[in-house]
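1. Next come a sequence and a model predicted from it.
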There are 2 protein chains.
Amino acid sequence: MSKVFVNIALSLDGYMAPEGMSLAHWETPEYKNWGAKWGALTGWLFRQKYFRENLKIDSGGETGPENDFLRQTTERIGANIMGKRMFEQGERSWPEEAPFHRPVYVLTHEKRDPWVRPGGTTFYFVNDGAASALSQAREAAHDRDVRIAGGPDVIQQYLNMGVVDELEIALAPVLFGSGRRLFDNLDDSVSQFRIDNVLGGPTATHLRYVRAG
Amino acid sequence: MSKVFVNIALSLDGYMAPEGMSLAHWETPEYKNWGAKWGALTGWLFRQKYFRENLKIDSGGETGPENDFLRQTTERIGANIMGKRMFEQGERSWPEEAPFHRPVYVLTHEKRDPWVRPGGTTFYFVNDGAASALSQAREAAHDRDVRIAGGPDVIQQYLNMGVVDELEIALAPVLFGSGRRLFDNLDDSVSQFRIDNVLGGPTATHLRYVRAG
């Protein structure tokens, strides 16, 4: 059966996004310095050849172990799940050929028909909760895996449901000070994890955990 | 001049201590399961030969890279700084020969004469703030380094003062869900860090950062 995994970038102080990074301030990255903070968080990613080609930036970039890790992680994805806020920010940022090339299930209260993008990405808008989205994503993923992309509230729901098999965190040494925390609102039903692998990069440490027991 | 470094154990979700771990529940580690959580956080440490010998547990234990790292870290310490809560918990837990063998500066409002322990540890009770404690610790450390041991509120003060040269975190894959967070109350004056070294162990990842710029 498909594995369910979380794959995200995290600041050293535990934030997925800095304060001020919202649609209201999308065009003013200097607001609360959110653009520079986001840049420090994702700098390693933008240097990888696989990422640059996928986002159609150019064909340059690094081809080392981080690039290999990124390719392996991306190629195992059969379907994605994300929250409404992450989708709305992406809708403003992704190129027309959205960089998923697979189904994406968006947890939202908004009713909307599936949105088909060129290149294989289709966004499905799920109104009946996290368990339903997971079930649909599993079916769509076939023998590939389901990636929970974020945001924090979505990841927290799946962690508390105990269905996350693997947790991949690219930990960047930036301190945001405030923003949207990954680890919050966890209850006693949350899974525990063990260390599976650590890959050190110059501006991010790639921590990979698998569910214990 | 002496370096100032933080060296602590941290849960994957960013807590230095689990909820329920306080003097009021010191004898009931089953309270909110704090004992098991603390054990998961510090398990790697209790397996190291250097730690076991220093705490006079026995002369067994592992002698691999984590043990070497622990020895190097400990031997560079010329003086320690800690908060009142950490001291009070230690006062209940340390053997008579407290495991520091160096001066320890305790930030507290309590007025108390220095407390000399056998084996070279003397606790000094500092009533006039974090900057004064650091100045005294630097002087006592001579050419060795000053270690900020915790708790979170003490570390946060020094991070915001911009005086922390190095940050060593032993990140254990346990989720506490609640407790005392390391990274909180940081303001815009907080230092930024870059990755210096990563040492992977089976139950903790040793992350070492140095101040950027």
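-> Here it is on my side, so go on. Numbers count the residues shown, from 1 in each chain, chains lettered A, B, ... in the order given.
2. For A:Gly39, give its distance to chain B.
-> From A:Gly39 across to chain B, the span is 13 Å (C-beta to the nearest C-beta, to the nearest Å). (Glycine included, C-beta is placed from N, CA and C.)
3. Give the rounded mean pLDDT of the helix or strand that contains that residue.
-> Per DSSP states H and E, A:Gly39 falls inside helix A:34-46. Average pLDDT, helix A:34-46: 96.
4. Please identify the buried residues of it?
-> Residues of helix A:34-46 classed as buried: A:Trp34, A:Gly35, A:Lys37, A:Trp38, A:Ala40, A:Leu41, A:Thr42, A:Trp44, A:Leu45 (neighbour count, 16 or more other C-beta atoms under 10 Å in any protein chain shown).
5. Identify the farthest-apart pair in those.
-> A:Trp34 and A:Trp44 (18.3 Å; C-beta to C-beta).
6. Endpoints of stretch A:64-82, how far apart?
-> 28 Å (C-alpha to C-alpha, to the nearest Å).
7. can you tell me if that stretch touches chain B.
-> No - using C-beta under 8 Å from any C-beta of the partner chain, we find that stretch A:64-82 stays clear of chain B, coming within 12.6 Å at best.
8. list the helices and strands the helix holding A:Gly39 packs on?
-> Here helix A:34-46 touches strand A:4-11, strand A:15-18, strand A:166-172, going by 3 or more C-beta pairs under 8 Å, 6 or more residues apart in numbering or on different chains; DSSP states H and E.
9. Please tabulate these in TSV and include distance to chain B, mean pLDDT and mean neighbour count as additional columns.
-> Shown next, in TSV, are those (distance: least, C-beta to the nearest C-beta, whole Å; pLDDT from 0 to 100; neighbours: other C-beta atoms under 10 Å in any protein chain shown):
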stretch	distance to chain B	mean pLDDT	mean neighbour count
strand A:4-11	9	98	22
strand A:15-18	9	98	24
strand A:166-172	8	98	22
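10. Mind putting those into a markdown table with distance to B:Gly200?
-> Shown next, in a markdown table, are those (distance: least, C-beta to C-beta, whole Å):
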| stretch | distance to B:Gly200 |
| --- | --- |
| strand A:4-11 | 17 |
| strand A:15-18 | 23 |
| strand A:166-172 | 13 |
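11. between those strands, which gets nearest to A:Arg208?
-> strand A:166-172 (5.2 Å).
12. could you point out which element follows the closest one?
-> strand A:179-181.
13. How about residues contacting that next one?
-> For strand A:179-181, the surrounding residues in contact (C-beta atoms under 8 Å, 6 or more residues apart in numbering or on different chains) are A:Ser11, A:Gly14, A:Tyr15, A:Met16, A:Ala17, A:Pro18, A:Glu19, A:Met21, A:Lys37, A:Gly151, A:Pro152.
14. who's in contact with the third one?
-> In other words, A:Tyr15. The contact partners of A:Tyr15, by C-beta under 8 Å, 6+ apart, come to A:Phe176, A:Ser178, A:Gly179, A:Arg180, A:Arg181, A:Leu182.
15. Read off the pLDDT value for the closest residue to it other than its chain neighbours.
-> Spatially, and ignoring its direct neighbours in sequence, A:Tyr15 is nearest to A:Gly179 (3.8 Å; C-beta to C-beta, 6 or more residues apart in numbering or on different chains). You'll see A:Gly179 listed with a pLDDT of 97.
16. now the one 10 residues further on
-> The per-residue pLDDT reported for A:Ser189 equals 86.
17. helix or strand for it, which one?
-> Using DSSP H and E, no helix or strand contains A:Ser189.
18. for it, phi and psi?
-> Note on A:Ser189: backbone dihedrals following degrees, to the nearest 10 are phi -90, psi 0.
19. Chain B contacts on chain A?
-> Near chain B, the residues belonging to chain A are A:12-14, A:40, A:159, A:171, A:173-175, A:177-178, A:182-183, A:186-188, A:190-195, A:198, A:200-205, A:207, A:209, A:212 when assessed by C-beta under 8 Å from any C-beta.
20. Tell me if I am right that A:Ser135 is in a helix.
-> Yes - assignment of A:Ser135 by DSSP: H, G, I helix; E, B strand; the rest coil places it within a helix.
21. Could you give the number of residues near it?
-> 15 (other C-beta atoms under 10 Å in any protein chain shown).
22. rewinding a little: what residues are bridge-paired with the residue nearest to A:Tyr15?
-> On the basis of DSSP bridges, A:Gly179 is bridged to A:Pro18.
23. give me the number of residues near it?
-> There are 22 residues near A:Gly179, going by other C-beta under 10 Å.
24. roughly how far apart are it and A:Ile8?
-> Distance of A:Gly179 to A:Ile8, given as C-beta to C-beta, to the nearest Å: 13 Å.
25. Quick check: neighbours shared by these two?
-> Common neighbours of A:Gly179 and A:Ile8 (C-beta under 8 Å, 6+ apart) are A:Met16.
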